[in-house]
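[1] got a structure for you, letters missing:
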């Protein structure tokens, strides 16, 4: 018995080392491309044209790639501003609208409630790629063609099914008694929502906001179709134009600088708010 | 006013409070969901109806449009390039889905076991997921580049190839490069979904089977897989739907090349609608794609709904 135990212990120790070697090896593989790109952006332009072996700069540290990038078209920082405007506005609008709708669907009874809920949720099944042409026409009828505002409205609409579903579940999880107690104390609807309910459903709001940011910051096809004016390009569209050689020979150092600018906010937000991201993923998966 | 009656706490009084709340709610509830309904109507329901309507028209970007009945759909049946695009899309969907599962399932089994560092590994495998498809494509466009990239110069330095080999010049290397890129980018996502399924399996079951002498593979087939059917179906739906709608990576990395061999369905619709500006025809193509996707989703949803319905 003791011998058997010892054998098992030995195997666990060996197994432990093997397991962690595999884990570390795989982690390196998954993270390597990201690190490779980020490190190589600090090479001087002449070195950035060479294959990135090794990935880090060997002939001196330089931020020239980032400066170069600003000279293409309307410039990297202009596109970055567009992206920030679009992502932040979409996040705020998505959070507010889905908070209101989630509260409405969870706490009130009104005619056609289920009908509206099903309509909103079923849009998840329809690929937005198939309705881009009419969206393009509707935006121009509204006088919003080629405007970031128009793009924001489209993005918010695409975020709503998931966000409203999340927020309704968040409100459903709050016991009705809390609200009734507050109502007895004389709280009005709006104050009730902002003062008493909001702190209770806050994790849901963070999840919704995080998904809205990542999705709108990275969205490509709608922005490509709807934003035809170069001054309205978001980062992914701008960088694709640079990479396609639209502004002359492809400067890979500059392209990776752009990719870095696109990746960093997503990675930081994910690392900080990972728990909320996984929550959103599993909430969608389980239900 | 309601506070007094509620404090009284008797049953009939409570009921009147309830009903008055419901009456008032009729309007207030609608008010809360109004912004969402407005947006979904203007930017989803109406466009959806318009897509169907436009598909029955000859609709150029400039100038008037003309009702032509089902002519667009007749034209689609003869559109060889669309069917090729659809065929390629399905081929890509099948291959990439198998590849994603082949990587994500072992990863899920690996990170699911509670052990030190499991969280760190999970985070590492998941990092590429939060990077956008456009960023990932631009990053890999560089790694795959024949002169300034990583793979072909590295292969040459290691003596694997005699001279630089352009991975993106011919169909098979280009196609498999995309598969590798997408698996790298998406496997972590599928992994987390599968992981939630694995975690819902009671450990006693596995322990009991272990005592009965079942080996790891037998346990996986007899316990893990059947109990994970719902989760697997969900991961499958997400992977299939995402792959059928693939566009970014093919547009950015390959521009549909080499020789138009990697044009996906969405890419072809994009070309017809926004490069050739045949909006009516593009709408008809969209309807075809939409029907295919909805049918596929419904079939897979049935799979999800009836785990025992064999």
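    Okay, I see it. Predicted, not measured: the structure shown is a model, and the values here were computed from it.
[2] In terms of pLDDT, where does residue B:124 sit?
    We have a pLDDT of 94 for residue B:124.
[3] what's the answer for residue B:212, then?
    87.
[4] State the distance from it to chain A.
    Relative to chain A, residue B:212 is positioned 18 Å away (CB to the nearest CB, to the nearest Å). Any C-beta I mention is one placed from the backbone N, CA and C, and that applies to glycine too.
[5] Now that residue: phi and psi?
    Dihedral pair for residue B:212: phi -70, psi 0, per degrees, to the nearest 10.
[6] right, and residue A:129 touches residue B:247 too?
    Yes: contact criterion CB atoms under 8 Å: residue A:129 and residue B:247 qualify, at 7.1 Å.
[7] list residues touching both of those two?
    Here residue A:129 and residue B:247 have A:221, B:266 as joint contacts, going by CB atoms under 8 Å, 6 or more residues apart in numbering or on different chains.
[8] got the phi/psi numbers for the closest residue to residue B:37 other than its chain neighbours?
    Spatial nearest neighbour of residue B:37, chain neighbours left out: residue A:116 (6.0 Å); criterion: CB to CB, 6 or more residues apart in numbering or on different chains. Phi and psi for residue A:116, reported as degrees, to the nearest 10, are phi -60, psi -40.
[9] Which secondary structure state does residue A:109 sit in?
    Put simply, residue A:109 is coil when judged by DSSP: H, G, I helix; E, B strand; the rest coil.
[10] Report how many residues lie close to it.
    For residue A:109, the count of nearby residues is 11 (other CB atoms under 10 Å in any protein chain shown).
[11] Quick check: it vs chain B, distance?
    6 Å.
[12] Let me see the backbone angles for that residue.
    Per-residue torsions, residue A:109: phi -110, psi 130 (degrees, to the nearest 10).
[13] Do you know the pLDDT at it?
    The predicted local confidence for residue A:109 is 87.
[14] can you pull out the strands in the chain?
    Here I'm looking at chain A. For chain A, applying DSSP state E gives no strands.
[15] should've been chain B
    B:57-58, B:66-67.
[16] Can you check which of those gets nearest to residue B:233?
    Proximity to residue B:233 (CB to CB) singles out strand B:57-58 among the strands of chain B, at 38.6 Å.
[17] Show me what the closest one packs onto, helices and strands only.
    strand B:66-67, helix B:71-77, helix B:279-305 (3 or more CB pairs under 8 Å, 6 or more residues apart in numbering or on different chains; DSSP states H and E).
[18] ok, 7 Å please
    Judged by 3 or more CB pairs under 7 Å, 6 or more residues apart in numbering or on different chains; DSSP states H and E, the packing partners of strand B:57-58 are strand B:66-67.
[19] elements contacting the strand it packs on?
    strand B:57-58.
[20] The one residue in the stretch 151-287 of chain A that gets nearest to chain B - how many residues pack around it?
    Chain B sits closest to residue A:218 of the stretch 151-287 of chain A, with a gap of 2.5 Å, by CB to the nearest CB. The local packing of residue A:218 (other CB under 10 Å) involves 24 other residues.
[21] do residue B:199 as well
    Residue B:199: 13 neighbours (other CB under 10 Å).
[22] With residue B:126 instead?
    Counted by other CB under 10 Å, the residues lying close to residue B:126 total 22.
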